[in-house]
Structure formats: C-alpha cells, structure tokens
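Chemist: Need the 3D shape of this:
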Amino acid sequence: MMKTTDKIHRTEDILFEQVRQLYKHQPGIALMPMIAVMIISAVFWGVVPTQHIATWIIITVIFNVCPGLWLWWHYNQQNSTESSGYWLKLFTSFGIASGLSWGLGAVLLFPAQNISYQMVLLMFMYSGAAFSAITMAAHRPTFFVTAACMLTPLALRLAVEGERIHLILSAATPIYFSMLVFFHAQIYHSLIESIQLWFEKNALAVDLDMKRREAELVHREKSSFLSSVSHDLRQPIRAQELLFHELRQRLAAGTETDLIDKLGLTVDALNHLLDTLTDVAQLDDGVLQPKVEPFPVQRILSQVEAEFSLVAHTRGLQLQIRKSNFIVRSDPDLLARVVKNLVSNALQYTVKGGILVGCRHRGTTVEIQVIDTGIGIDKAEYTSIFDAYHQGTASTQSSMHGLGLGLSIVRHLSELLDHTTRIESSPGKGSIFSVTVPKITLPLRQGVFD
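Modeler: Residues are numbered from 1 along each chain as shown. All right, here's what the predicted structure looks like:
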C-alpha cells in the first residue's frame with residue numbers, strides 16, 4: 001500500500017512538472033508567433049489580398065497571442081489551487097486555437113498560381129509545426145492536436161489546386177507530420193526521464209539527509225552515554241582506589257600483599273577502561289584540540305614506567321623503559337595517551353617475555369617504539385587492527401580481551417596530531433608499534449636506545 005501511494009504521488013509530481021515546463025516559456029510561445037505573423041505578412045504583402053492579411057493578423061491576436069498571455073498570467077496567479085489536469089486541458093485548448101489560427105493563415109495567404117510564394121508559405125507552416133514540437137515537448141496530446149490543426153488546412157488547400165506538384169506536396173504533409181510526431185516522442189520521453197531522474201535524485205538526497213540526521217542523533221546519544229558512564233563510574237572507582245591504598249599500607253607487612261596487588265590491577269583496569277571510553281567520546285565529539293609544544297620525551301617514558309611497571313610485574317612480564325634525552329614537538333597529554341595505549345595493548349597480548357619502550361633517531365623526527373614478545377599480528381591485519389572494536393584473529397590465543405578500542409584511539413589521536421604510526425609484526429614472535437614525532441634540534445646527548 002505504501003509503495004502504491006508513493007507511486008501515485010510520484011506520478012502527480014511528474015504531471016505537475018510537465019505543466020510547469022509547458023507554462024514556463026508561455027510568454028515567448030505567445031509572442032513569438034506574433035513576430036512570425038508580422039514577418040509573413042510583410043513577405044506576402046501585395047502578393048495576396050490585403051484584407052486576407054489583416055484578417056489573419058486579427059485572428060492570430062484574438063486566438064493566439066491574447067489567450068497565451070492570459071493563460072500564463074492565470075497560471076502564475078492560481079497554479080497552487082488547481083489540479084495539473086485542469087491546466088493541461090486549458091493548454092490543450094489553447095493549442096487547438098493556436099493551430100487553427102495558423103491553419104486558417106495557410107488558407108488565407110495561399111497565393112494561387114504563384115508556386116514560389118507557395119513554397120515560402122509551406123516553409124513557414126512546416127517551421128511553425130516544428131517549433132510547436134519543441135515548445136510543447138512536455139505534453140504529447142497538446143502537440144498532436146496543435147500540429148494537426150496547423151497542417152491539415154494546408155494539405156487540403158494544396159490538394160484543391162489539383163496539379164501534380166500540389167498533390168505531391170499535399171501527400172507529403174501528413175508524412176512530415178508523422179516525422180514530427182516521431183521526433184516529438186523522442187523529446188517527450190527524454191524530458192520525462194529527466195524529470196523522473198530529478199525526482200529520484202531529490203528523494204535520495206532527502207533520504208540521505210534523514211539518515212545523516214539519524215546517525216548524528218545516535219552519535220550524540222552514544223557520546224552522551226559514554227561520557228555519563230565514564231563520569232558516574234569514575235567516582236566510586238576513585239573511592240575504591242583510595243580505600244585500596246589505605247588497605248595496602250595497613251597490610252604491607254602481612255602475606256596479603258599479592259592479593260592486594262591483584263585488587264590494584266582490577267582498579268587500574270577499570271580506570272583504563274574509563275579513560276578509553278572518555279577518549280572515544282571526546283574523539284567522536286571533536287572536542288580534543290592539540291596543544292602542541294616542545295617537551296622532553298622522557299616525561300612520557302617516565303609516566304609509562306610508573307603506570308605499567310606493577311601491571312607487568314604482576315603478570316610475570318618485564319617492562320623495560322630506555323631513557324631518552326630527545327626533545328619533541330607535540331601535545332604532551334595526547335601523545336602520552338598514544339604511547340600508553342600502545343603499551344597497554346602490548347601487555348594485553350603478551351603472555352611471556354616482556355615489553356621494551358624506547359626512542360630512535362630518524363632524521364628530523366623521533367620514532368617512539370613499543371616492542372613486545374606477544375602473540376603477534378598477521379600482515380593482512382595491519383590496517384584493520386586500527387579499526388574500532390577490532391581484535392586480531394591471533395588474539396584468541398590470549399586470555400585477555402579488551403573492547404578493541406585502544407589501537408583505534410591511537411590511530412585517531414595520531415591523525416589529530418599529524419603523527420605517523422607504523423607496525424611490524426610476526427605471528428607468534430611479537431610486534432613493534434611506533435609513532436613518529438617531530439624532533440626539536442638541540443645540542444643534547446642522545447638516548448641510550450639510539
């Protein structure tokens with residue numbers, strides 16, 4: 001039922017556009033014949049009786065020019081209150097009147113015994129019929145009756161002459177009319193197809209705009225949800241963290257230290273999850289704006305060591321941080337998030353061995369590398385591994401699973417900072433993730449990892 005209704009509405013829209021195409025150039029359609037009448041009258045002045053010319057001019061003004069101008073004015077004043085069928089009927093009536101006025105002109109101006117002027121009149125009438133095929137391209141019935149009313153009197157008048165040449169021209173006129181009908185059909189179908197494509201394009205644009213608005217609404221709701229969840233959960237977790245540190249101090253001398261360390265890992269994991277959700281919400285909202293400045297890269301390396309050493313130790317892994325004296329240019333907080341996400345990802349998928357974090361000198365840049373001995377990544381996943389919620393096929397070997405957002409955040413933050421990320425990996429052997437940062441050239445000693 002919905003499709004049938006849409007089809008009916010589409011048909012009505014196409015019909016409305018056909019009417020608009022007919023009436024769009026109506027002043028020109030009404031005035032151009034008057035100009036043609038003046039030219040034809042001047043050509044035939046003195047060849048046919050003057051009263052015939054005067055009669056034809058009056059008929060053209062009454063049945064062609066005045067109705068055409070009135071019709072255009074009436075349409076522009078009332079087109080929103082009448083149906084398309086009403087305007088097509090009016091235009092068809094105008095076409096009949098216009099065609100008859102031209103057909104009568106062919107009879108009134110026919111110069112008997114003057115074959116040269118007869119050919120000129122034939123040329124004018126044929127041209128007028130061809131002109132109507134173009135101006136009335138939007139409606140086949142209107143053109144058909146108009147051209148028939150124009151050419152039928154001419155064909156009959158030629159036949160009345162009775163001579164061989166006139167009989168041939170009389171017979172040729174219906175053939176010419178048939179050719180015009182075929183030509184008009186081609187124009188008509190092309191015009192209708194163009195109108196249909198225009199409506200389809202507009203409907204598609206409206207549909208796409210609606211879907212875009214829906215997607216934006218879902219996006220805003222998702223971002224609002226992530227921000228709310230991060231904010232609401234962070235407060236009790238902060239309280240839990242404070243209680244954890246207090247409990248650790250009281251039980252430092254007891255055997256419960258390992259249990260407390262594991263409890264600390266769960267608190268850290270929850271904090272990391274909330275940080276990830278916050279990063280996703282801020283990236284989606286576009287509220288993160290880099291504050292680029294020169295700073296020592298060791299600042300980030302020290303943060304990584306302080307934040308992840310206990311986590312690595314608890315999991316039986318080695319975390320090595322190679323000191324560096326490089327000065328880089330970036331946003332310290334955002335770059336720290338990038339490196340921390342890389343380290344967190346390495347810890348998540350490393351079962352034995354360890355993680356090495358350090359810097360390499362690369363011309364005018366510094367490459368911060370995170371090297372692990374984890375499960376590795378297949379080369380076919382080098383690109384998709386940075387997609388949101390993606391977890392590599394090799395990750396099934398690991399007992400640790402996250403949301404799959406860490407590397408996606410790395411990619412987005414790196415793009416925001418205009419830094420380059422790179423990955424090298426061998427399944428079963430480990431991976432090297434790196435981010436390249438502009439280096440500030442200062443006469444400082446290079447790091448041990450250079």
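
Chemist: doesn't residue 361 make contact with residue 439?
Modeler: Yes: with contact defined as CB atoms under 8 Å, residue 439 reaches residue 361; the gap is 7.5 Å. Just so you know, the C-beta spots here come from the backbone N, C-alpha and C atoms, and that holds for glycine as well.

Chemist: who's more crowded, the two?
Modeler: residue 439 (20 against 15; other CB atoms under 10 Å).

Chemist: residues in contact with the more buried one?
Modeler: By CB atoms under 8 Å, 6 or more residues apart in numbering, the contact set of residue 439 is 326, 327, 328, 329, 361, 364, 365, 366.

Chemist: Just give the closest residue to the second one, not the sequence neighbours.
Modeler: It refers to residue 327. Ranked by CB to CB, 6 or more residues apart in numbering and with sequence neighbours excluded, the top spatial neighbour of residue 327 is residue 440, at 4.1 Å.

Chemist: tell me the phi and psi of the one you found?
Modeler: When read as degrees, to the nearest 10, the backbone of residue 440 gives phi -90, psi 120.

Chemist: Residue 428 now?
Modeler: Backbone geometry at residue 428, expressed as degrees, to the nearest 10, gives phi 90, psi -10.

Chemist: if I read this right, it contacts residue 375, doesn't it?
Modeler: Yes: checked against CB under 8 Å, the pair residue 428 and residue 375 is within contact range at 6.8 Å.

Chemist: So which of these two has more stuff around it?
Modeler: The residue with more neighbours, out of residue 428 and residue 375 and counting by other CB under 10 Å, is residue 375; that gives 22 against 11.

Chemist: any idea how far the more buried one is from residue 425?
Modeler: Counting by CB to CB, to the nearest Å, the gap between residue 375 and residue 425 amounts to 9 Å.

Chemist: just residue 121 next, same as before
Modeler: As judged by CB to CB, residue 121 and residue 425 stand 88 Å apart.

Chemist: Residue 432 - that's part of a strand, no?
Modeler: Yes: secondary structure of residue 432 (DSSP: H, G, I helix; E, B strand; the rest coil): part of a strand.

Chemist: what residues are up against the residue of the chain positioned farthest from its centre?
Modeler: Distance from the centre of the chain peaks at residue 113, with 67.6 Å (CA atoms, centre = their mean). Residues counted as contacts of residue 113 (CB under 8 Å, 6+ apart): none.

Chemist: Report the secondary structure state of it.
Modeler: Here residue 113 takes the coil state, with states given by three-state DSSP.

Chemist: phi, psi of it?
Modeler: Backbone torsions of residue 113, given as degrees, to the nearest 10, read phi 70, psi 20.

Chemist: tell me the domain boundaries of this structure?
Modeler: Per automatic domain parsing, the structural domains of the chain span 2-208, 291-440.

Chemist: Settle this for me: residue 192 is touching residue 14, isn't it.
Modeler: Yes: counting by CB under 8 Å, residue 192 sits close enough to residue 14 to count as a contact (6.9 Å).

Chemist: now the helices: where do they sit in the stretch 101-250 of the chain?
Modeler: With helices called from DSSP state H, counting those that start in this stretch, the stretch 101-250 of the chain shows them at 115-135, 140-161, 164-250.

Chemist: winner for burial among these?
Modeler: Using mean count of other CB atoms under 10 Å, the stretch among these with the greatest mean number of neighbours is helix 140-161 (a mean of 20).

Chemist: Please work out the angle formed by the directions of that helix and helix 115-135.
Modeler: Relative orientation of helix 140-161 with respect to helix 115-135: 170 degrees, computed using axes from the mean of the first three to the mean of the last three CA atoms, to 10 degrees.

Chemist: Find the residue ranges of the chain scoring beneath the pLDDT cut-off.
Modeler: Filtered on pLDDT under 70, the chain yields the residue ranges 1-10, 25, 28-30, 78-82, 218-248, 250-288, 382-384, 386-406, 442-450.

Chemist: Next one: the closest residue to residue 419 other than its chain neighbours from residue 295, what distance?
Modeler: Counting by CB to CB, 6+ apart, the nearest residue to residue 419 once its immediate chain neighbours are dropped is residue 435, at 5.3 Å. Distance, residue 435 to residue 295, using CB to CB: 15 Å.

Chemist: Neighbour count for these two, which is higher?
Modeler: Neighbours of residue 435 and residue 295, each counted by other CB under 10 Å, are more numerous for residue 435; the result is 22 against 16.
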